[in-house]
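*Asks:* coords please:
(one chain, ligands or ions: 2)
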Amino acid sequence: MLSIKNVTKRFSGIVAVNDCSFDVEEGTICSLIGPNGAGKSTLFNCVSRVYSIDSGNIFLNNKRIDNLATHKIANLGVGRSFQLTRVLDELSVTENLVLHTASGFNIHLLKRAVTKDDEVKAEQVMEFLGISHLRHSSMKELSYGQKKLLDLGSVLMADPSFILLDEPAAGVNPRLLETILDRISLLKDQGKTILLVEHNMEMVMGISDKVIVMAAGSIIAEGKPSEIQSNKEVLEVYLTG
Ligand SMILES: Nc1ncnc2c1ncn2[C@@H]1O[C@H](COP(=O)(O)OP(=O)(O)OP(=O)(O)O)[C@@H](O)[C@H]1O
Ligand SMILES: [Mg+2]
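*Replies:* Numbers count the residues shown, from 1 in each chain. Ligands and ions are numbered 1, 2, ... in the order given. Here you go, the predicted model:
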């Protein structure tokens, strides 16, 4: 489904992503793991075209997407998680969800009323994530973990077929971590394809079909979770990184 071919991204002197290639097969969960600064988020941002790449190509269903604008990529069914800064404090949970339409984050929607369709979709998403009771809560009333769920909900509003999640469970408590991992698995059961960026190797082992390990901009290993867990080079990076 997604094919990353020889992608390189530099920031002035730093090669953040160095000649990386891998595929994410349809209907699977692929996790991109690695120590801080490995280049995971940068690669993630290259796929959703927050950054343009310096060399290489990115294909979605055999269509080249590295030359497309962000909203066009979203229109192809690619949904990405938003950082918490995208969550607007003065709005309710429902209003925050409704801002995320099929063409991506759209602040202009604030200028029109929330439609019945928006509300129905937002209700479905809140129910899926178990946050329906928060529908009228303002952002100020939410815990950090509840905001992380809302972050995930924002991605689901546009019903993407390919979902990119950058540390969707960073810093949440163990119970919420289980909930989030469970929901990600359910999304796969619904036929979605997921690229998950994570820092913590343990976290992704149970739910991933494939794990890609990055370190210092390069891919150092790729395989099934069991293969990665016993890979000496990977363990070394984690122990010394
Ligand atoms: N916008 C930017 N401008 C300059 N350098 C950047 C920028 N974004 C990332 N970098 C650098 O690129 C490298 C990779 O960073 P990146 O954020 O992709 O790592 P990461 O694997 O996501 O790390 P973490 O696990 O901490 O989130 C780092 O050296 C970082 O300092
Ligand atoms: Mg990151």
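
*Asks:* give me every residue in the protein lying close to ligand 1.
*Replies:* Phe11, Ile14, Ala16, Gly34, Asn36, Gly37, Ala38, Gly39, Lys40, Ser41, Thr42, His199 (Cβ under 6 Å from any ligand atom). C-betas here are computed from N, CA, C, even on glycine.

*Asks:* in helices, which of those residues appear?
*Replies:* Lys40, Ser41, Thr42 (DSSP state H).

*Asks:* now do the contacts for the last one.
*Replies:* By Cβ atoms under 8 Å, 6 or more residues apart in numbering, Thr42 lies in contact with Lys9, Phe11, Ala16, Val17, Tyr51.

*Asks:* burial count for the fourth one?
*Replies:* Spelled out, that is Val17. Neighbours of Val17 under the rule other Cβ atoms under 10 Å: 29.

*Asks:* surely it and Asn45 touch.
*Replies:* No - the pair Val17 / Asn45 is not scored as a contact, 9.5 Å apart, by Cβ atoms under 8 Å.

*Asks:* next secondary structure after the helix or strand Ile194 falls within?
*Replies:* Element membership for Ile194, per DSSP states H and E: strand 193-197. Following strand 193-197 in sequence order, the next helix or strand is helix 201-205 (DSSP H and E).

*Asks:* tell me which residues in that following helix are buried?
*Replies:* Buried residues in helix 201-205, counted by 16 or more other Cβ atoms under 10 Å: Met201, Met203, Val204, Met205.
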